[in-house]
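Engineer: sequence unknown, structure follows:
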């Protein structure tokens, strides 16, 4: 057995033991760990920024795109956001032991469904060092141990954050092994995690690009909680208010083009396309967004690049937007069903009945009415943070916060009943 295999299996064994301790620890101890983590992250800002600067410099030297550099980069403001997210998670009611339902059937048994941790999560992510803190905090809050494997491009940043996490756990009297970061850039570590580390890992959570998630879904020998990509749509219904449409589309696409909640395709009702599309397009073009449209969209916006079939299937994560003029809501829904990834869709409409009909017909994890797709975020949902946006139909769907990282068990109380 190689040294890496040995060390990864040992990491799994330690995580399993820590999961037991974390599950049995009082809620107050987990809260203390999170409060300490929030404070220590703030205090360690200079060290974390210095480590991140090394990651960013290496990424630029390696030719990483600016969109991915943006994902990788930390700033004082982003560290403040990280600190606030952990503090919010600390304030989230502890989900463990909560009875979600209780009843007494004819046999007289007192049956309760109670939330309990999943166990050990293996979180595999790419160039977002903030995920190190978010994932750790959510796992601590939900009583799960975590094995984190970041991309090599954010390893220095993540190591700096992981050191702070270990200090916070120790201060709260919890095992440091409750959150472990794989400290090697060796990609073989991912393959080992996908085997489940001899049963130590209960669920794999991939958070990254399409190729990473596809690999995890194809190779994992344990359960996977994931989304493949955020191929999101904003649909301008014929009743849409122009100024609302301009503001929402600009934010949905251009606020941060590299996040999974960014809109990648704009659909516009034919009946209002002449009124809505030219001013919306002008705003986007002025902001540096390349538009790729169908023939009708090109006719309304001279100079727009012709869209190809691949554009309707592409998560750009860049200032590029596909644009299609559709006949009506039926055509918009059909387009989303054909090309969407089941992540997030939005409608802009003053017709409330039409908006609710759209929401009822769309089968995606998140549907927004008159709001930007960039609200597809656990923090914006009040979860404090998220470990990802799940497009699964079983277990969690949408933003995965602390509550969504629990499963349940049945506690059955009797008075000596035997079954006839």
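Structural biologist: Nice, thanks for sending it over. Being a predicted model, the structure only gives us computed values, none of them experimental.
Engineer: lowest-scoring secondary structure element of the protein by mean pLDDT?
Structural biologist: One helix or strand of the chain scores below all others by mean pLDDT, DSSP states H and E: helix 66-72, with a mean of 86.
Engineer: contact partners of that helix?
Structural biologist: Applying CB atoms under 8 Å, 6 or more residues apart in numbering, the set of residues contacting helix 66-72 from outside is 52, 55-56, 59-60, 64, 126-129, 153-154, 157, 256-259, 317-318. Placement of C-beta: from N, CA and C, glycine included.
Engineer: list the buried ones in the next helix or strand after that helix?
Structural biologist: Reading on from helix 66-72 to the C-terminus, the next helix or strand found by DSSP states H and E is helix 76-91. For helix 76-91, the neighbour count (16 or more other CB atoms under 10 Å) marks 79, 82-90 as buried.
Engineer: repeat that for stretch 274-292.
Structural biologist: Those buried within stretch 274-292 under the rule 16+ other CB under 10 Å are 275-277, 280-281, 283-284, 289, 291-292.
Engineer: between the residues you listed, which sits nearest residue 18?
Structural biologist: residue 289 (46.1 Å; CB to CB).
Engineer: related to what we said a few turns ago, for residue 351, state which of the buried residues of helix 76-91 is nearest.
Structural biologist: Nearest to residue 351 out of the buried residues of helix 76-91 is residue 88 (CB to CB; 35.4 Å).
Engineer: pull up the gap between that closest one and residue 378, please.
Structural biologist: Distance, residue 88 to residue 378, by CB to CB, to the nearest Å: 10 Å.
Engineer: mutual contacts of those two, please.
Structural biologist: Jointly contacting residue 88 and residue 378 under the rule CB under 8 Å, 6+ apart are 384-385.
Engineer: what's near enough to touch residue 227?
Structural biologist: 213, 260, 341-343, 365, 388-392.
Engineer: which helix or strand contains it?
Structural biologist: Per DSSP H and E, there is no helix or strand for residue 227.
Engineer: need the pLDDT of it.
Structural biologist: Reported pLDDT at residue 227 in the predicted model: 74.
Engineer: next: residue 1.
Structural biologist: Looking at residue 1, its pLDDT reads 52.
Engineer: rewinding a little: which among the buried residues of helix 76-91 gets closest to residue 229?
Structural biologist: residue 85 (23.5 Å).
Engineer: neighbours around the residue lying closest to that closest one once chain neighbours are set aside, how many?
Structural biologist: Once flanking residues are discounted, residue 85 sits nearest to residue 385: 4.3 Å by CB to CB, 6 or more residues apart in numbering. Residues lying near residue 385 (other CB atoms under 10 Å) number 29.
Engineer: dihedrals phi and psi, residue 385?
Structural biologist: When read as degrees, to the nearest 10, the backbone of residue 385 gives phi -170, psi -170.
Engineer: please begin residue numbering at 446 from this point
Structural biologist: That works, and once the first residue is 446, the last one we named lands at residue 830.
Engineer: hmm, residue 585 and it touching each other?
Structural biologist: No. Counting by CB atoms under 8 Å, residue 830 stays clear of residue 585, with 11.4 Å between them.
Engineer: below-threshold pLDDT in the stretch 746-865 of the chain: ranges please.
Structural biologist: Within the stretch 746-865 of the chain, no stretch has pLDDT under 70.
Engineer: please enumerate the helices of it.
Structural biologist: 774-784, 797-806 (DSSP state H, counting those that start in this stretch).
Engineer: out of those, which one sits most buried?
Structural biologist: helix 774-784 (a mean of 17; mean count of other CB atoms under 10 Å).
Engineer: relative to residue 703, how far out is the closest residue to residue 596 other than its chain neighbours?
Structural biologist: Using CB to CB, 6+ apart and skipping the chain neighbours, the partner closest in space to residue 596 is residue 571 (4.0 Å). Using CB to CB, residue 571 is found at 11 Å from residue 703.
Engineer: residue contacts, the residue lying closest to residue 543 once chain neighbours are set aside?
Structural biologist: Leaving aside its chain neighbours, residue 543 sits nearest to residue 560 (4.7 Å; criterion: CB to CB, 6+ apart). By CB under 8 Å, 6+ apart, the contact set of residue 560 is 540-543, 545, 848, 851-853.
Engineer: make sure residue 560 is indeed in a strand.
Structural biologist: Yes. Using DSSP: H, G, I helix; E, B strand; the rest coil, the assignment for residue 560 is a strand.
Engineer: so what touches stretch 492-500?
Structural biologist: For stretch 492-500, the external contacting residues (CB under 8 Å, 6+ apart) are 486, 517-521, 524, 574, 598-602, 604-606, 609.
Engineer: in TSV: the contacts of residue 672, plus distance to residue 778.
Structural biologist: Formatted as TSV, those follow (distance: CB to CB, whole Å):
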residue	distance to residue 778
658	25
705	22
786	15
787	13
788	16
810	16
833	26
834	21
835	22
836	17
837	22
